[in-house]
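> I'll drop the sequence and a predicted model, then ask my questions.
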Amino acid sequence: MDSGAFRLVVGDDSVPLDGNGDGVIDEGDPLATIGQATFDGRAAASLQLEINHSSSTGYAALFGITAIGGDVIRFRVEV
Ligand SMILES: [Ca+2]
C-alpha cells in the first residue's frame, strides 16, 4: 500500500535524521531544528533538516511540519 511517504536521498545512513532513535524526527535530533520558513507568501514553524553531502551542507525545510515519523524520511545510500 502506498503510504504517501517520500524519500530524501542524500549521503549515507550512518548519520540518521532520527539521531536519538526515538522514532520521530524533531528538534530533539542533532540534524533537525525548528525555524520559521516561508512558502508561497506564508510563514510557519517548520522542521529544518541539515543535509551533509560530500563537501557541502544544505538544508531541507518541511513547511508547516514540526515533527515527522522517523520511518517517513531517512538517508539512503544509492549506488
Ligand atoms: Ca528523534
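All right, it came through fine. Numbering: from 1, shown residues only.

> Give the other helices and strands that the worst-scoring helix or strand of the chain on mean pLDDT contacts.
Among the helices and strands of the chain, strand 56-62 carries the lowest confidence by mean pLDDT, DSSP states H and E, at a mean of 85. Other helices and strands packing on strand 56-62, by 3 or more C-beta pairs under 8 Å, 6 or more residues apart in numbering; DSSP states H and E, are strand 42-53. Yep, even glycine has a C-beta here, placed from its N, CA and C like the rest.

> quick check: angle from the strand it packs on to strand 56-62?
Counting by axes from the mean of the first three to the mean of the last three C-alpha atoms, to 10 degrees, strand 42-53 lies at 140 degrees to strand 56-62.

> Just confirm yes or no for strand 42-53 near the ion.
No. Strand 42-53 stays clear of the ion (C-beta under 5 Å from the ion), getting no nearer than 11.1 Å.

> re earlier: give me the sheet partners of the least confident helix or strand of the chain and which way each runs.
strand 42-53 (antiparallel) (DSSP bridges).

> Any chance you could list what contacts the strand it pairs with?
Contact with strand 42-53 is made by 8, 10-11, 15, 17, 25-27, 31-37, 57-68, 73, as judged by C-beta atoms under 8 Å, 6 or more residues apart in numbering.

> Are any of the residues you listed buried, and if so which?
10, 17, 25-26, 31-32, 37, 61-62, 65, 68, 73 (16 or more other C-beta atoms under 10 Å).

> Now, the residues you listed that are in strands?
25, 32, 37, 61-62, 68 (DSSP state E).

> Tabulate those residues (CSV), appending distance to the ion.
Shown next, in CSV, are these (distance: C-beta to the ion, whole Å):
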residue, distance to the ion
Ile25, 6
Ala32, 8
Ala37, 20
Ala61, 17
Leu62, 14
Ile68, 10
